[in-house]
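> no FASTA, just this:
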């Protein structure tokens, strides 16, 4: 019977089964394939993405009509309550449309409790993660500029020279320098020179949502390389609904169903057996799968003896401003590139006991400068009137300035199963609610006022004026839900991402984060995943050099 | 027999029955093609003179191509922080065709009179901002929005070859863009 099911493709066996095919999954698969002799199977609910040679056309449709350049990159019936980062569910995941921005967290992020007396320390330090940051930068291909070493510690140069500061950014850097702020070129997974067989960036400026030439790293490049050489077997249109655990607490199978446009019988069940399972479903679908794997023995889901699966969802909010400056800028030279600073991330505890850490980025902007149809008196303009008005209003420059600030997550910042919403197979969908810990909630208004005051000061220094500011409720780069820690009572995984409750189950990337820092987090997700891969690989035979 | 103009006006105000809309769209496509002269006259009336005749004709042609290639119900880009999916609304083609038919008088009007005729037609529309092209309530606004979102319009505004959203050498980003029509590079400090 078993052999018949295997022949029918209903049972797939491997050494390592990775669930999800986003950027964290790609890091794990790539490292295991590079360093270990192992059969690797990857299971993805969504479809393959269009190949590189179709992307110029898809990008043009996006520019002309606002069409999704990744058509059908989602599953039907997945309208989730709460702040879902994205509907994307496809080979490559959300990182198919990421901005490619790759700062590191700072050393303080890993020791908030020790250094500032709030939140929770990570079980690893920045120094523990540093080799994996380097590795992630190599794998993704990061172009970067070394910032002042005291703000931007790193042990080796970036693999590629920095993306050049555009004419606009050079002028803006002069301005922020006068304001006493050290800024430099934002590290990015975009090719400043040809890299890994991919082209040099040519400023198409649609990094989000699509790079038409492959100058920005996206996980499909890794999957293409691994599949071309038969180093992984990737099953698309295959939704893992639950993991099953044996009497020894080992995960023994992932039970899945063929979904959507699956050519081979939608609705057909398929079972994945492996020595090790890696859950790489991001901050939503990782916790969701563990919670959905509940049964009579694990009524709260698996890996959940702490009761913390789905808890401590984390991210960072932002305050941003548009500052009018007396300088001539030419918006559009390289709009998605920015200056970055860690000056306000690398701070000691304040003497007044309040906590504030934030990053800072500066872009060229056209805010408030778009061509318009009516003049200040409300009269309709046509012909040369519109152009003259536009030229007059663009004689000065505008900078977009944004600070992500730390938000300490509350235990009730959580993903739960929503009994009122089910997917087409009857499984409860997740419900998301991100909530601040009391120590963050208390200082939120003061935090945002302080950042706005910084923006005012920056504007004054440049003889400029803040045109408008805005604060987002949404917490960007969400993570957590399976946080790592030393104590199984207060964490879901150990520092390697191994579930405390199941020795052959790993959760990788975003879900394992203890806190979300105040900088874009994807590089950290990648570094954590590569670190997990090191541990996963220890039980597998190594490749001879 | 119902006139073309009356039929289009009726279609644009009718309930959106898919079959009727599709039929109207098919007819409208042909009629816009018939009304190339009107579209050009409209473009000359409302686009900046700096474009010149050839530039204006090109914008009108590209705008028509935009309409022709519009896909109703196409999945639109989905943003962050929401699970809501968006799809392209019905094509504005039928509505715009009807409006264009109303504007045929532009062809015989003087250049000065054309602009005032268009202004009279749209001055009462709620049009503070440049709309998204497909959401423009009037063909004249659709054409304006189409042009002013273009990379060429940005270049004309700044009188510089910025080439926004076009593939350009990365190394050239360090310099100020060349003035339109050629010139020397200016390097930032």
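Looks like it came in fine. Fair warning: this is a prediction, and the values are worked out from it, not measured in the lab.
> Please name the residues that touch the residue minimising distance to the centre of chain B.
In chain B, the C-alpha nearest the mean C-alpha coordinate belongs to residue B:143, at 2.5 Å (Cα atoms, centre = their mean). Residues counted as contacts of residue B:143 (Cβ atoms under 8 Å, 6 or more residues apart in numbering or on different chains) are B:39, B:42, B:43, B:46, B:47, B:59, B:60, B:63. The C-beta positions use only the backbone N, C-alpha and C, and glycine is treated the same way.
> Secondary structure element holding it?
helix B:139-148 (DSSP states H and E).
> one step back: out of the contacts of residue B:143, who's nearest chain A?
residue B:46 (4.7 Å; Cβ to the nearest Cβ).
> Please name the residues that touch that closest one.
Contact analysis of residue B:46 by Cβ under 8 Å, 6+ apart lists A:382, A:383, B:115, B:118, B:140, B:143, B:144.
> let's see 10 Å
A:381-383, A:385-386, B:56, B:114-115, B:118-119, B:122, B:140-141, B:143-144, B:147 (Cβ atoms under 10 Å, 6 or more residues apart in numbering or on different chains).
> Tell me the one of those residues nearest residue A:102?
residue B:147 (36.8 Å; Cβ to Cβ).
> Excluding residues flanking it in the chain, which one is nearest the closest one?
Distance criterion Cβ to Cβ, 6 or more residues apart in numbering or on different chains; nearest residue to residue B:147, sequence neighbours excluded, is residue B:59 at 5.1 Å.
> for residue A:249, same thing?
Residue A:249 sits nearest to residue A:502 (Cβ to Cβ, 6+ apart), 5.5 Å away.
> count of neighbours near that neighbour?
20 (other Cβ atoms under 10 Å in any protein chain shown).
> Make sure it is indeed in a strand.
No - looking at residue A:502 with DSSP: H, G, I helix; E, B strand; the rest coil, it is coil, so not inside a strand.
> From chain B, how far out is it?
30 Å (Cβ to the nearest Cβ, to the nearest Å).
> State the distance from that residue to residue A:493.
10 Å (Cβ to Cβ, to the nearest Å).
> joint contacts of these two?
Residues touching both residue A:502 and residue A:493 (Cβ under 10 Å, 6+ apart) are residue A:303.
> For chain B, just list every one of the helices.
If DSSP state H is used as the criterion, the helices of chain B fall at B:4-13, B:18-34, B:36-46, B:52-68, B:93-102, B:111-122, B:139-148, B:151-158.
> can you check chain A too?
A:2-7, A:23-35, A:55-65, A:112-116, A:126-140, A:167-178, A:219-228, A:282-292, A:384-393, A:438-461, A:522-537.
> winner for burial among those helices?
Highest mean neighbour count of these: helix A:282-292, a mean of 27 (counted as mean count of other Cβ atoms under 10 Å in any protein chain shown).
> Tell me the gap between that one and the middle of its chain.
Distance of helix A:282-292 from its chain centroid, counting by Cα atoms, centre = their mean, to the nearest Å, is 16 Å.
> measure the closest residue to chain A within chain B to residue A:334 for me?
The minimum distance from chain B to chain A, using Cβ to the nearest Cβ, falls at residue B:164 (3.0 Å). Separation of residue B:164 from residue A:334 (Cβ to Cβ): 10 Å.
> Okay, now the unreliable bits of chain A?
A:1-9, A:261-265, A:545 (pLDDT under 70).
> For it, which residue gets nearest to chain B?
Residue nearest to chain B within chain A (Cβ to the nearest Cβ): residue A:332, separated by 3.0 Å.
> Contact partners for that residue?
Neighbour list for residue A:332: A:166, A:168, A:203, A:205, A:364, A:366, B:151, B:154-155, B:158, B:160, B:162-166, B:168, B:177 [criterion: Cβ under 10 Å, 6+ apart].
> Show the contacting residues for the residue nearest to residue B:147.
Residue B:59 touches B:39, B:40, B:43, B:47, B:51, B:143, B:144, B:146, B:147, B:150, B:152, B:153, counting by Cβ under 10 Å, 6+ apart.
> give me that answer again for 7 Å
B:43, B:47, B:51, B:147 (Cβ atoms under 7 Å, 6 or more residues apart in numbering or on different chains).
> Make a markdown table out of these and add neighbour count.
Formatted as a markdown table, the contacts of residue B:59 follow (neighbours: other Cβ atoms under 10 Å in any protein chain shown):
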| residue | neighbour count |
| --- | --- |
| B:43 | 25 |
| B:47 | 23 |
| B:51 | 19 |
| B:147 | 26 |
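> and residue B:181, what pLDDT?
Residue B:181 is assigned a pLDDT of 79 by the prediction.
> and it, how many neighbours does it have?
Neighbour count for residue B:181, taken as other Cβ under 10 Å: 7.
> For residue B:156, see how far away it is.
From residue B:181 to residue B:156 the distance is 11 Å (Cβ to Cβ).
> One more: residue A:406?
44 Å.
> and if you look at residue A:189?
Distance from residue A:189 to residue B:156, by Cβ to Cβ: 34 Å.
> Name the residue in those two with the higher neighbour count.
Per other Cβ under 10 Å, whichever of residue A:189 and residue B:156 has more neighbours is residue A:189, with 29 against 20.
> show me the residues around the more buried one that make contact.
Neighbours of residue A:189 in contact, by Cβ under 7 Å, 6+ apart: A:100, A:102, A:140, A:141, A:142, A:216, A:217.
> do that again at 8 Å, thanks
Contacts of residue A:189 (Cβ under 8 Å, 6+ apart): A:100, A:101, A:102, A:140, A:141, A:142, A:143, A:216, A:217, A:523.
> Now tabulate those in a markdown table and tack on distance to residue B:129.
Converted to a markdown table, the contacts of residue A:189 look like this (distance: Cβ to Cβ, whole Å):
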| residue | distance to residue B:129 |
| --- | --- |
| A:100 | 30 |
| A:101 | 29 |
| A:102 | 35 |
| A:140 | 38 |
| A:141 | 39 |
| A:142 | 38 |
| A:143 | 36 |
| A:216 | 31 |
| A:217 | 36 |
| A:523 | 37 |
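> among the helices of chain B, which gets the worst mean confidence?
The bottom spot among those, by mean pLDDT, belongs to helix B:4-13, with a mean of 42.
> Count the residues that sit near the closest residue to residue A:537 other than its chain neighbours.
Among residues not flanking residue A:537 along the chain, residue A:36 sits closest, at 4.7 Å (Cβ to Cβ, 6+ apart). Applying other Cβ under 10 Å, we find 19 other residues in the vicinity of residue A:36.
> Now do the contacts for residue A:68.
Counted by Cβ under 8 Å, 6+ apart, residue A:68 has contacts A:62, A:209, B:74, B:75, B:76, B:77, B:78.
> If we use 7 Å, what do you get?
Counted by Cβ under 7 Å, 6+ apart, residue A:68 has contacts B:75, B:76, B:77, B:78.
> quick one on the thing from earlier: which among the contacts of residue A:332 end up buried?
A:166, A:168, A:203, A:205, A:364, A:366, B:151, B:154-155, B:158, B:160, B:162-165, B:168, B:177 (16 or more other Cβ atoms under 10 Å in any protein chain shown).
> Quick check, residue A:160 in contact with residue A:192.
Yes - contact criterion Cβ atoms under 7 Å: residue A:160 and residue A:192 qualify, at 4.9 Å.
> so what sits against both of these two?
Contacts common to residue A:160 and residue A:192, judged by Cβ under 7 Å, 6+ apart, are residue A:143.
> Count the neighbours of residue 123 for me.
With no chain named, the answer covers chain A. 19.
> Not quite, go with chain B.
Residue B:123 has 13 nearby residues by other Cβ under 10 Å.
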